[in-house]
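Student: everything below, folded, please.
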Amino acid sequence: MAGGKTGRRKSSKERQDNSGNLSGGLKTIEKALTGIKGFDEITFGGLPRGRPTLVAGSAGSGKTMFAMEFIVHGAMDFGEPGVFVTFEENVDDLKKNFASLGYDLDKLCAEKKMSIDHVFLDRSLIHETGEYDLDALFIRLGYAIDSIGAKRVALDTIEVLFAGLSNHALLRSELVRLFRWLKDRGITAIVTGEKGERQLTRYGLEEYIADCVIFLDSRVTEQIVTRRLRIIKYRGSTHGMDEYPFLIARDGIIIFPITSIRTDYKLSREVVSSGIPQLDAMLGHKGFYRGSAILYTGTSGTGKTNFAGTYVDAACRRGERCLFIAMEETEDQIIRDLGSIGIDLGQWVKTGLLKFYISRPWLYGIEMHLVLIQDILDRFKPMNVIMDPLSDFTAIGGGKEVKSLLTRLQDMMKSRQITCVYTDLITGDINPRTSEVYISSMIDTWILLRNIEYNGERSRGLAIVKSRGMSHSNQVREFRFTNKGIDLINPYIGPSGVFMGSAKIGQEARDLAQVTNMRREIENMKAILEEKRREYNARQESMNAQLTVEESGLKKKIEQLEQDLEIMLKDREVMSRERKWDVTKGGRSDDR
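Tutor: From the prediction side, this is the model:
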């Protein structure tokens with residue numbers, strides 16, 4: 001720890017920011033943003049500023065597009081005028097080609113933000129007649145740079161400059177001079193080159209003298225074409241080392257930087273409805289968490305798309321944008337079929353809240369599908385995404401590839417707080433087998449739809465397999481499709497288990513009859529009890545009446561006897577006074 005240094009190795013975030021600067025005062029090379037979607041992320045800031053970059057690739061790989069986007073974005077977005085020199089296409093053709101992407105090159109040239117120069121070299125007229133150098137090109141290029149104060153240059157393509165030359169020593173010398181001249185002028189340059197047969201470029205030297213080398217590839221795998229980009233080297237800077245799929249879309253190149261997917265996103269506690277009140281009631285928090293992943297799995301015909309469409313209808317009623325990605329059915333077919341259960345998705349398409357993206361899985365490779373989905377997410381900015389079904393991806397890739405795709409896709413959705421509803425086809429019908437995509441571990445709420453065969457008929461059943469972060473019902477619920485949507489029927493549970501369909505109706509009728517008979521028996525027994533009570537009360541009243549009569553006679557006798565006793569006592573008292581008896585002394589008198 002001499003000299004006050006801690007000796008700790010700094011993290012990549014501490015060592016370098018997007019512009020290439022190091023924390024602590026140290027600096028790396030400066031970088032120039034390209035404006036190409038995804039590329040600046042994988043290079044941590046763009047191309048090396050003031051240095052030449054080689055973009056190599058086979059015909060049709062996108063080299064000219066890459067170079068033109070670098071110049072156009074510099075002029076339009078970063079205030080850096082640029083010069084585009086073409087050795088093959090003429091200026092008019094270039095302007096027409098890029099007008100299809102929305103680039104108004106005439107306007108940029110008129111505003112002196114860009115200059116396009118076509119240097120025509122007829123290969124049949126090139127002969128080795130002594131000295132050969134690029135001084136004329138340097139003069140012409142230098143004038144174009146100075147005329148608009150250019151900071152960027154693109155040369156497309158370099159092989160034309162040396163067509164017909166067999167003196168490789170001279171060729172290499174001039175190539176070195178060209179790259180050195182660009183570097184000395186402090187110009188951020190792109191030089192495009194054709195792919196060689198046994199080496200990266202045709203002459204095998206450009207990749208060694210360029211400070212940054214980018215390779216574009218267009219390959220065919222199982223009749224599916226995928227464009228890929230790889231950074232071969234980047235002097236003075238770290239960079240992504242993987243192959244990155246890219247596509248040329250309506251507004252240029254789009255690269256999906258796989259390694260830059262965020263996983264530090266925040267989760268929402270807001271709950272949104274499934275569109276089915278009975279299903280909401282089965283979920284602990286009365287719906288799904290916003291930004292979560294919901295999976296409906298089931299065999300063919302269980303209604304997965306209907307459940308997904310019901311959610312879309314509810315989301316659009318909340319005023320939220322929805323993207324419906326369908327792999328099998330067309331937009332019209334989905335709208336028609338959902339109309340049979342009373343859901344009109346066509347109205348939401350007209351209002352702009354719902355957008356369909358229909359793509360057959362075998363049209364592109366797995367990575368290209370990811371790039372295309374990211375592109376449409378950037379354009380439409382939905383709050384909800386439906387993917388119906390996921391199982392179609394297995395037609396273009398193995399289990400690991402598909403799971404990798406869906407993992408990255410789900411991270412991308414969660415980082416944007418997009419609620420995703422997936423459907424997945426499973427096989428086995430009555431006894432379904434596990435999903436072939438193996439994504440259940442990434443899903444927040446998993447709902448299983450099943451065909452249930454009982455008592456000679458088929459019914460549809462629903463069960464919540466899991467719902468992270470909330471308690472939920474473990475009950476299997478029968479559901480039906482009506483002209484007013486999806487109806488979840490309350491389960492009927494008897495001694496023998498859960499009954500569905502006509503078995504439920506029959507069991508309900510039998511139980512109702514049994515209940516009716518028992519109620520009748522109860523009422524009969526109540527009537528008997530009441531009759532006995534009346535009989536008892538009648539006997540009680542009779543006995544009370546008899547008691548009253550006897551009581552009255554006895555009371556009269558008692559009164560008579562009491563009167564007789566009182567008379568007798570009074571008579572004795574009178575006799576004793578007359579006889580001077582002391583009644584208290586036993587009837588004897590003291591008078592002798």
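Student: residue 28 and residue 45, how far apart?
Tutor: Separation of residue 28 from residue 45 (Cβ to Cβ, to the nearest Å): 10 Å. Placement of C-beta: from N, CA and C, glycine included.
Student: go ahead and flag the most central residue of this structure.
Tutor: In the chain, the C-alpha nearest the mean C-alpha coordinate belongs to residue 420, at 2.8 Å (Cα atoms, centre = their mean).
Student: what mean pLDDT does stretch 551-570 have?
Tutor: Mean pLDDT, computed over stretch 551-570, is 86.
Student: neighbouring contacts of it?
Tutor: Here stretch 551-570 makes contact (Cβ atoms under 8 Å, 6 or more residues apart in numbering) with no residue beyond itself.
Student: residue 28 and residue 45: which has the busier surroundings?
Tutor: The neighbour comparison of residue 28 against residue 45 (other Cβ atoms under 10 Å) goes to residue 45, with 23 against 18.
Student: the more buried one belongs to a helix, doesn't it?
Tutor: No: counting by DSSP: H, G, I helix; E, B strand; the rest coil, residue 45 falls outside a helix, being coil.
Student: so it versus residue 140, what's the distance?
Tutor: Residue 45 sits at a distance of 31 Å from residue 140 (criterion: Cβ to Cβ).
Student: cool, and residue 194?
Tutor: 22 Å.
Student: neighbour-wise, which of the two wins?
Tutor: For residue 194 versus residue 140, neighbours defined as other Cβ under 10 Å are more numerous around residue 194 (17 against 14).
Student: is that one part of a helix or strand, or is it coil?
Tutor: strand.
Student: name the nearest residue to residue 52, sequence neighbours excluded.
Tutor: Nearest residue to residue 52, sequence neighbours excluded (Cβ to Cβ, 6 or more residues apart in numbering): residue 189, at 4.4 Å.
Student: same check, this time on residue 268
Tutor: Per Cβ to Cβ, 6+ apart, closest to residue 268 is residue 290, 4.3 Å.
Student: check residue 186 too.
Tutor: residue 50 is the one closest to residue 186 (Cβ to Cβ, 6+ apart), at 4.4 Å.
Student: give me the longest helix you can find in the protein.
Tutor: Scanning the chain for the longest helix, with DSSP state H as the assignment, gives helix 501-579.
Student: then residue 286 would be within a strand, right?
Tutor: No: looking at residue 286 with three-state DSSP, it is coil, so not inside a strand.
Student: and the residue nearest to residue 52, how many neighbours?
Tutor: Residue 189, neighbours per other Cβ under 10 Å, totals 29.
Student: correct me, but residue 268 touches residue 418?
Tutor: No: assessed by Cβ atoms under 8 Å, residue 268 is found out of contact with residue 418, at 10.6 Å.
Student: so what sits against both of those two?
Tutor: residue 291.
Student: neighbour count winner among these two?
Tutor: Higher neighbour count among residue 268 and residue 418: residue 418, with 22 against 14, using other Cβ under 10 Å.
Student: tell me the contacts of the more buried one?
Tutor: 291, 377, 382-385.
Student: what do you get if the cut-off is 10 Å, keeping everything else the same?
Tutor: Shown in contact with residue 418 (Cβ atoms under 10 Å, 6 or more residues apart in numbering): 290-293, 321-323, 377, 381-385, 410, 412.
Student: repeat that for residue 145.
Tutor: Taking Cβ under 10 Å, 6+ apart, we find residue 145 in contact with 81-83, 115, 151-153, 182, 185, 187.
Student: neighbour-wise, give me the winner out of the residues you listed.
Tutor: Highest neighbour count within those, by other Cβ under 10 Å: residue 82, with 30 neighbours.
Student: next up, the contacts around that one.
Tutor: Applying Cβ under 10 Å, 6+ apart, the residues contacting residue 82 are 67-68, 70-75, 108, 113-116, 144-145, 148, 150-154, 187-190.
Student: in stretch 459-478, what's buried?
Tutor: By neighbour count on 16 or more other Cβ atoms under 10 Å, the buried set for stretch 459-478 is 459-464, 467, 470, 472-473, 476-478.
Student: stretch 310-329 too?
Tutor: Under 16+ other Cβ under 10 Å, the buried positions of stretch 310-329 are 310-316, 320-327, 329.
Student: convert it to CSV, retaining C-alpha atoms only.
Tutor: Taking C-alpha atoms only, stretch 310-329 is exported to CSV below (Å, rounded to 0.1, in the frame of the first residue of the first chain):
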residue,chain,number,x,y,z
THR,A,310,-60.1,-11.3,-21.6
TYR,A,311,-57.1,-9.8,-19.9
VAL,A,312,-56.5,-7.6,-22.9
ASP,A,313,-60.1,-6.3,-22.9
ALA,A,314,-59.9,-5.4,-19.2
ALA,A,315,-56.5,-3.7,-19.6
CYS,A,316,-57.8,-1.6,-22.5
ARG,A,317,-60.8,-0.6,-20.5
ARG,A,318,-58.3,0.7,-17.9
GLY,A,319,-56.8,2.8,-20.7
GLU,A,320,-53.6,0.8,-20.9
ARG,A,321,-51.7,-0.1,-24.1
CYS,A,322,-51.5,-3.7,-25.0
LEU,A,323,-49.3,-5.6,-27.5
PHE,A,324,-50.7,-8.9,-28.7
ILE,A,325,-47.9,-11.1,-30.1
ALA,A,326,-49.5,-14.1,-32.0
MET,A,327,-47.5,-16.9,-33.5
GLU,A,328,-50.3,-19.0,-35.0
GLU,A,329,-53.5,-17.1,-35.6
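Student: pLDDT on that stretch, on average?
Tutor: Stretch 310-329 shows an average pLDDT of 94 in the prediction.
Student: what's the offset of it from the middle of its chain?
Tutor: In terms of Cα atoms, centre = their mean, to the nearest Å, the centre of stretch 310-329 is found 12 Å from the chain centre.
Student: what are the ranges of the strands in the stretch 1-150 of the chain?
Tutor: 31-32, 47-48, 52-57, 82-86, 114-118 (DSSP state E, counting those that start in this stretch).
Student: now for the third one, which elements pack on it?
Tutor: If you count contacts as 3 or more Cβ pairs under 10 Å, 6 or more residues apart in numbering; DSSP states H and E, strand 52-57 packs onto helix 63-77, strand 152-156, helix 168-184, strand 188-194, helix 206-209, strand 212-221, strand 224-234.
Student: pLDDT weak spots in the stretch 401-550 of the chain?
Tutor: 401, 428-439, 454-456, 491-508 (pLDDT under 70).
Student: could you redo the last one with a cut-off of 90?
Tutor: By pLDDT under 90, the weakly predicted segments of the stretch 401-550 of the chain are 401-416, 424-443, 450-461, 469-471, 473-478, 489-521, 523-535, 537-550.
Student: ok so, going back, in CSV: the strands of the stretch 1-150 of the chain, plus mean pLDDT.
Tutor: Formatted as CSV, the strands of the stretch 1-150 of the chain follow (pLDDT from 0 to 100):
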stretch, mean pLDDT
strand 31-32, 94
strand 47-48, 94
strand 52-57, 91
strand 82-86, 94
strand 114-118, 93
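Student: how about these in a markdown table, adding distance to residue 364?
Tutor: As requested, the strands of the stretch 1-150 of the chain are exported to a markdown table (distance: least, Cβ to Cβ, whole Å):
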| stretch | distance to residue 364 |
| --- | --- |
| strand 31-32 | 31 |
| strand 47-48 | 28 |
| strand 52-57 | 19 |
| strand 82-86 | 30 |
| strand 114-118 | 33 |
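Student: to residue 363, which of those strands lies closest?
Tutor: Residue 363 lies closest, by Cβ to Cβ, to one member of the strands of the stretch 1-150 of the chain: strand 52-57, at 22.4 Å.
Student: so residue 374 sits in a strand?
Tutor: No: read with three-state DSSP, residue 374 is helix and lies in no strand.
Student: any idea how far residue 226 is from it?
Tutor: Distance from residue 374 to residue 226, by Cβ to Cβ: 15 Å.
Student: just to revisit the earlier point, the residue nearest to residue 268 touches residue 413, doesn't it?
Tutor: No: contact criterion Cβ atoms under 10 Å: residue 290 and residue 413 do not qualify, at 11.4 Å.
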